[in-house]
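A.B. asks: I need the structure of the sequence given here:
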Amino acid sequence: MSLERPVFASRQEYGRYFTNPSYWHPYVAAICVRHDLGNPVTVCAGLPGTHPVFLVNEQYAVKLYTDLFNGEQSYHVEREIYRLIATEPSLPAPSLVATGMLFDEHDGWPWPYIVTRVIPGLSISESEVSYADRLNVAAWLGVVVRRMHSLSLVAPFSPEWKPFLQFLAARRTEVVADHARWGCLPAHLVAQIEEYMPDLTTLIDEKEIPALLHCDLNSDHVLGERIAGYWRPTGVIDFGDARVGDRIYELVALHLGLFHCDGQMLRIFLEAYGFDEALRRDFVRRAMSMTLLFEFNVCTHIFQHIPGAASVGTLDELAELVWGNVLTSER
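C.D. replies: Have a look, this model is predicted:
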């Protein structure tokens, strides 16, 4: 029986189906047959994100890319990321098994896909992790992220600043409207964004070499498992938002989405990573600027996890609450 190409009339319709294993099982099975991966006895949905992800027989992760959320770019980026990561075996990331197009490219959206090996464990967001174990995760991530940032870049990930600067320039034109629409920052802080934001030539030091960034190191994308009573990290997943750019940008999802704005966790991470001079330069201002420029609404974490954040009068005060405690602890 031939497969019918999935077509969704709207994002709402797509949202009703994209995590449904029964709906996607025939497509996942076709991919498994194509690449001799065996019969998909168990097909379980991964954590809801942007694109359908299914775990097959606890061995393989099959990710299909919809056209509704810039899937073409995400597919090409993630495919090449896995090829680049393979050059550094010490990085605890999924290994690439197969890639392809599920359908012909000329008759509609071809539904590109990637198959990787499953990393054992559950995400932090799905696990009960003690604070002591979270501190260990922060130290572990410091080493892992440093290795990733130190990868030698090759095409299509060239060590050039122009694409990242273009990305930030685009975000800069939208930043006030986005925060007003998101409704997370109080209106008086949204009104201060234009004056607070430094010029991009000040924000970025083009004498530094740009790094490969994951860009979405939140609690869904760090996996681990319980070993001898302790939760131990096993790997990092989901590189669909990766780009080459400034390392400060990497810290935003990490500190707000994974560390929940905990200054001790960030300090331990930076100690393991190496809090070098280039990172320290105007750290609080640059980190807060990247927080505001971040392409997703991460500021919700600030008001969830920092008492008193909602009552600050200025963005400078908010920046000190979120990022300043890293420097304060060293005085």
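A.B. asks: And the pLDDT for Leu47?
C.D. replies: On pLDDT, Leu47 comes in at 82.
A.B. asks: and Phe69, how far is that from Phe167?
C.D. replies: In this view, Phe69 and Phe167 are 17 Å apart by CB to CB, to the nearest Å. Every C-beta, even on glycine, is put in place using the N, C-alpha and C of the backbone.
A.B. asks: Go ahead and list the helix or strand containing the closest residue to Cys299 other than its chain neighbours.
C.D. replies: Among residues not flanking Cys299 along the chain, Cys184 sits closest, at 4.5 Å (CB to CB, 6 or more residues apart in numbering). Here Cys184 sits in a region with no helix or strand, counting by DSSP states H and E.
A.B. asks: going forward, begin numbering at 25 instead of 1
C.D. replies: Noted, 25 is the first residue going forward, which turns the last one into Cys208.
A.B. asks: for the stretch 75-224 of the chain, what spans make up the helices?
C.D. replies: 95-109, 155-173, 186-206, 211-214, 217-220, 224-227 (DSSP state H, counting those that start in this stretch).
A.B. asks: no wait, the stretch 225-355 of the chain
C.D. replies: Using DSSP H, counting those that start in this stretch, helices in the stretch 225-355 of the chain cover 271-276, 287-297, 301-304, 307-317, 324-329, 339-343, 349-352.
A.B. asks: how about TSV for those, with mean neighbour count added?
C.D. replies: As requested, these are arranged in TSV below (neighbours: other CB atoms under 10 Å):
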stretch	mean neighbour count
helix 271-276	24
helix 287-297	20
helix 301-304	12
helix 307-317	21
helix 324-329	17
helix 339-343	20
helix 349-352	16
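A.B. asks: what's the closest of the ones you listed to Pro134?
C.D. replies: Pro134 sits nearest to helix 271-276 of all these, at 31.2 Å, using CB to CB.
A.B. asks: returning to that earlier point: quick check, the residue nearest to Cys323 in contact with His325.
C.D. replies: No - Cys208 lies out of contact with His325 (CB atoms under 8 Å); the separation is 9.4 Å.
A.B. asks: Between the two ends of stretch 208-216, how far is it?
C.D. replies: 14 Å (CA to CA, to the nearest Å).
A.B. asks: What residues sit buried inside that stretch?
C.D. replies: 208-210, 213-214, 216 (16 or more other CB atoms under 10 Å).
A.B. asks: pLDDT of it, averaged?
C.D. replies: On average, stretch 208-216 scores 97.
A.B. asks: What of stretch 269-279?
C.D. replies: Here the average pLDDT along stretch 269-279 is 98.
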